[in-house]
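S.K.: pasting the sequence and the predicted coordinates here, then a few questions.
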Amino acid sequence: PTGLIANPGRKTGIRDEVGALGELVDKWKQQAYGSPLNNYIVRRRVTTPRGVQLTYPGVGAREGADPTLSPMFRTASMSPDLVSLSPPHLDSLGAGYIVTMASVVTSSLDSPAAVIEADFTQGYFHKIVNDSLYGDLCHHQNNTCFLMDHQGFLLTHPRLTYRDSKLSGLSVHLTHLEPG
C-alpha cells in the first residue's frame, strides 16, 4: 500500500489471481485424500490467462516457462465450450501413460478466467469411456470401444491401455489398430 517495497518482475493483477486459485488447494486436498479416484488422477492444474498456475500435488516449474503456451492450455482456450483431451503421453514425472482433460472456466462476465486440467492414468481413462457407454456395450463380444480425436488419432483403445512396445511414444491412428 505504501509503494515503498515493490516487485518489479510481478505483473499487475497477479496477487488477486494467486489468492483466488489458492482457495482451490483445500478443495483439491479433500478430494485427493477422500476420493476413491485418488489412485487414478495423477495431478490437477489450473492456469489463468496471465500465467498464474497452481498444480496439486505441487511440482517444480522451469524458470521462465510460460504455462499459457502449453498445448493443453492453448487447445482448451481455443474451444472454451468444449472439454479438450490430449492424446496419451508418457508422464515426465513417472506416472506412466496419462491423458489430460481440460476445460475453460469463465468468470461472471463470461470471459475466460482459467483453464482447469486433470491428468488421468490411461487405464482409468479407458475405464471411464467404457463404463460411460449405454448398456455395457463395450463388454460384449466382438465390440471394441475407443475414443478418437477429430483427425482419427486414438485417445483410448483397448490395445493402447496395455501399450504394445511397437506403439510406444507414437500417436496411433485408428487405421493402424482397426484396419478395414
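M.R.: Great, that's in hand.
S.K.: with Q30 as the reference, measure out to the closest residue to F146 other than its chain neighbours.
M.R.: Nearest residue to F146 in three dimensions, chain neighbours excluded: H157, at 4.1 Å (Cβ to Cβ, 6 or more residues apart in numbering). From N, CA and C alone the C-beta is placed, and that goes for glycine too. H157 is 34 Å from Q30, where distance means Cβ to Cβ, to the nearest Å.
S.K.: which helices and strands sit right next to the host helix or strand of V42?
M.R.: For V42, the host element (DSSP states H and E) is strand 41-47. Helices and strands touching strand 41-47, by 3 or more Cβ pairs under 8 Å, 6 or more residues apart in numbering; DSSP states H and E, are helix 14-34, strand 53-56, strand 112-121.
S.K.: from the chain's centroid, how far away is that strand?
M.R.: 6 Å (Cα atoms, centre = their mean, to the nearest Å).
S.K.: please enumerate the strands of the protein.
M.R.: In the chain, the strands defined using DSSP state E lie at 41-47, 53-56, 84-85, 89-90, 97-106, 112-121, 147-148, 154-156.
S.K.: could these go into a markdown table alongside mean neighbour count and distance to K127?
M.R.: As requested, these are arranged in a markdown table below (neighbours: other Cβ atoms under 10 Å; distance: least, Cβ to Cβ, whole Å):
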| stretch | mean neighbour count | distance to K127 |
| --- | --- | --- |
| strand 41-47 | 21 | 13 |
| strand 53-56 | 20 | 22 |
| strand 84-85 | 20 | 15 |
| strand 89-90 | 14 | 18 |
| strand 97-106 | 20 | 11 |
| strand 112-121 | 21 | 9 |
| strand 147-148 | 16 | 12 |
| strand 154-156 | 21 | 9 |
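S.K.: would you turn these into JSON lines with distance to E23 and mean pLDDT?
M.R.: Output for these, formatted as JSON lines (distance: least, Cβ to Cβ, whole Å; pLDDT from 0 to 100):
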{"stretch": "strand 41-47", "distance to E23": "11", "mean pLDDT": "90"}
{"stretch": "strand 53-56", "distance to E23": "10", "mean pLDDT": "87"}
{"stretch": "strand 84-85", "distance to E23": "24", "mean pLDDT": "90"}
{"stretch": "strand 89-90", "distance to E23": "30", "mean pLDDT": "86"}
{"stretch": "strand 97-106", "distance to E23": "13", "mean pLDDT": "90"}
{"stretch": "strand 112-121", "distance to E23": "12", "mean pLDDT": "90"}
{"stretch": "strand 147-148", "distance to E23": "33", "mean pLDDT": "86"}
{"stretch": "strand 154-156", "distance to E23": "31", "mean pLDDT": "85"}
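S.K.: same list (the helices and strands packed on strand 41-47) but as JSON lines, adding distance to T106.
M.R.: Output for the helices and strands packed on strand 41-47, formatted as JSON lines (distance: least, Cβ to Cβ, whole Å):
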{"stretch": "helix 14-34", "distance to T106": "14"}
{"stretch": "strand 53-56", "distance to T106": "18"}
{"stretch": "strand 112-121", "distance to T106": "6"}
